[in-house]
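In: Could you work out the structure for the sequence below:
(one chain, ligands or ions: 3)
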Amino acid sequence: MAKGILLVNLGSPDSPNPKDVKKYLGEFLMDERVIDLPVVARTLLVKGIILNTRPKASAAAYQKIWWEEGSPLIVLSERLQEKVQQKVDYPVALAMRYGSMTIKKGLQELVDQGCTEIKTIPLYPQFAMATTETIDVKVDELVAEHFPGVTITRTPAFYKREDYINVLSKSIGEVLNDLDYEHILFSYHGVPERHIRKSDITNGNCKMNGKCCFKKGSKQHEFCYRHQCEITTVNVAKKLGLKNGTYSTTFQSRLGFDPWLKPYTDRTIERMGKEGIKKMAIVTPAFVSDCLETLEEIAMEGEEIFHEMGGKEFTVIPCLNERDDFAEVLSSIVKEWATPETKTV
Ligand SMILES: C=CC1=C(C)c2cc3[nH]c(cc4nc(cc5[nH]c(cc1n2)c(C)c5CCC(=O)O)C(CCC(=O)O)=C4C)c(C)c3C=C
Ligand SMILES: [Fe+2]
Ligand SMILES: [Fe+2]
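Out: Numbers count the residues shown, from 1 in each chain. Ligands and ions are numbered 1, 2, ... in the order given. As a prediction, the model looks like this:
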């Protein structure tokens, strides 16, 4: 039995042109775990409205952040894959949940190298139906249909691993140590509140009032994106010794009219600017790789809002990207699976 590793990230369009962006958004938003409406309603919303209105604006945003080598998210994920490969003895492949670098191709690449036992690692520190779950389900479908001889081991969200928190804290500390700042925002990608309720395995325990997320020992936390984001912030704040009132958690990138997780990042930046905060920092721990949502929505739009409201210095902390110490965390996850006696955390 030969082992292999499949890292999986979200994906990007093939190019920042409206046609490719439309194709990519069509696949992404028709996923029932992303826009979780019944299929007819989802088709009407996505194909009837969103794909007729959004691709042009999205393409313009992608054009602002695109690199010569391609999409930042893809390029940074490839660099991370290379780093992890240098640290482990098994083949490491990279795939994207949406777009051309499909999970099927990633699995095939490993199977072609003789792998029959594959560890999938979604590149998301916190669990969400729209990220980890959709990858896990897609992998199972593909294996059942195309790779019946392959055994899959899933990787749960790694938000509370000590080594991950250490590396995230170090990456933030490296910026904050040399910075005069008044407030640091921990901005996570948002999801509709409905997604949190749907992932509630305790039948209604999640009250969406913030209290349940801090209750000790709840089984629900394993699938509560909100809890996992809040706890990521708490653990980093503890590690860095941040003082109460100097940091907070917010949620960005909402789409449509349903209520999404609050507080919203853009409104918080606006409020802080209005309240007289002059120097703020922002970190985006739901993203492993810098992407449209960090490079454009936060670093460009967020900064613009802050300046318009009177803010002066807006410092964006990079994602973990291809940091060596982050590749080390992923390689520890691999080693703990491949040789269970290697317990590093
Ligand atoms: C209903 C819509 C969406 C949900 C739910 C959602 C959850 C979610 N997304 C990420 C990570 C990323 N999202 C990115 C882009 C992006 N996300 C949505 C919609 C939902 N995301 C859209 C429409 C887009 C496209 C951009 C746009 O048109 O504004 C990206 C960036 C991809 C890139 O190519 O750079 C990432 C990464 C998470 C982690 C998440 C739930 C926790
Ligand atoms: Fe998203
Ligand atoms: Fe909760």
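In: Go ahead and measure how far the lowest-mean-pLDDT helix or strand in the chain is from the middle of the chain.
Out: The weakest-scoring helix or strand in the chain, judged by mean pLDDT, DSSP states H and E, is helix 193-198 (a mean of 90). On the basis of C-alpha atoms, centre = their mean, to the nearest Å, helix 193-198 is displaced by 17 Å from the centre of the chain it belongs to.
In: buried sites along the next helix or strand after that helix?
Out: The first helix or strand that comes after helix 193-198 along the chain, using DSSP states H and E, is helix 225-240. Going by neighbour count (16 or more other C-beta atoms under 10 Å), the buried part of helix 225-240 is 225-237, 239-240. For glycine as for every other residue, the C-beta is placed from the backbone atoms N, C-alpha and C.
In: Same check on stretch 279-288?
Out: 280-288.
In: Please measure how far the first residue of it sits from its last one.
Out: 25 Å (C-alpha to C-alpha, to the nearest Å).
In: is any part of it close to ligand 1?
Out: Yes: Stretch 279-288 is in contact with ligand 1 by C-beta under 6 Å from any ligand atom, via 286-287.
In: tell me the mean pLDDT for that stretch?
Out: In this model, stretch 279-288 has an average pLDDT of 98.
In: go on, stretch 308-319?
Out: On average, stretch 308-319 scores 98.
In: could you check whether it is close to ligand 1?
Out: No: using C-beta under 6 Å from any ligand atom, stretch 308-319 stays clear of ligand 1, with a minimum separation of 9.4 Å.
In: For that stretch, report the contacting residues that lie outside it.
Out: 76, 171-172, 175, 179-181, 269-270, 272-274, 276-284, 287-291, 294, 298-299, 302-303, 306-307 (C-beta atoms under 8 Å, 6 or more residues apart in numbering).
In: distance between it and the chain's centre?
Out: 21 Å.
In: In it, which residues are buried?
Out: Buried, per 16+ other C-beta under 10 Å, within stretch 308-319: 309, 311, 313-319.
In: ends of it, how far apart?
Out: OK, stretch 308-319 end separation, C-alpha to C-alpha: 25 Å.
In: what's residue 120 sitting at in phi/psi?
Out: Dihedral pair for residue 120: phi -90, psi 140, per degrees, to the nearest 10.
In: Surely it and residue 4 touch.
Out: No: when contacts are counted by C-beta atoms under 8 Å, residue 120 is not listed as touching residue 4 (9.9 Å).
In: shared neighbours, these two?
Out: Joint contacts of residue 120 and residue 4 (C-beta under 8 Å, 6+ apart) do not exist.
In: Low-confidence bits of the stretch 101-250 of the chain, can you list those?
Out: 203-205, 207-210 (pLDDT under 70).
In: Write out the residues of it neighbouring ligand 3.
Out: Residues of the stretch 101-250 of the chain lying near ligand 3 by C-beta under 5 Å from the ion: 206, 212-213, 224, 227.
In: Out of the residues you listed, who's the most crowded?
Out: Neighbour counts for these (other C-beta atoms under 10 Å) peak at residue 224, which has 25 neighbours.
In: Please enumerate the strands of the stretch 201-345 of the chain.
Out: 247-252, 279-283, 313-316 (DSSP state E, counting those that start in this stretch).
In: Of these, which is nearest residue 93?
Out: Closest to residue 93 of the strands of the stretch 201-345 of the chain, according to C-beta to C-beta: strand 279-283, at 28.9 Å.
In: Can you tell me what sits against that closest one?
Out: So strand 279-283 is contacted by 172, 175-176, 179-187, 265, 269, 272, 298, 302, 306, 311-317 (C-beta under 8 Å, 6+ apart).
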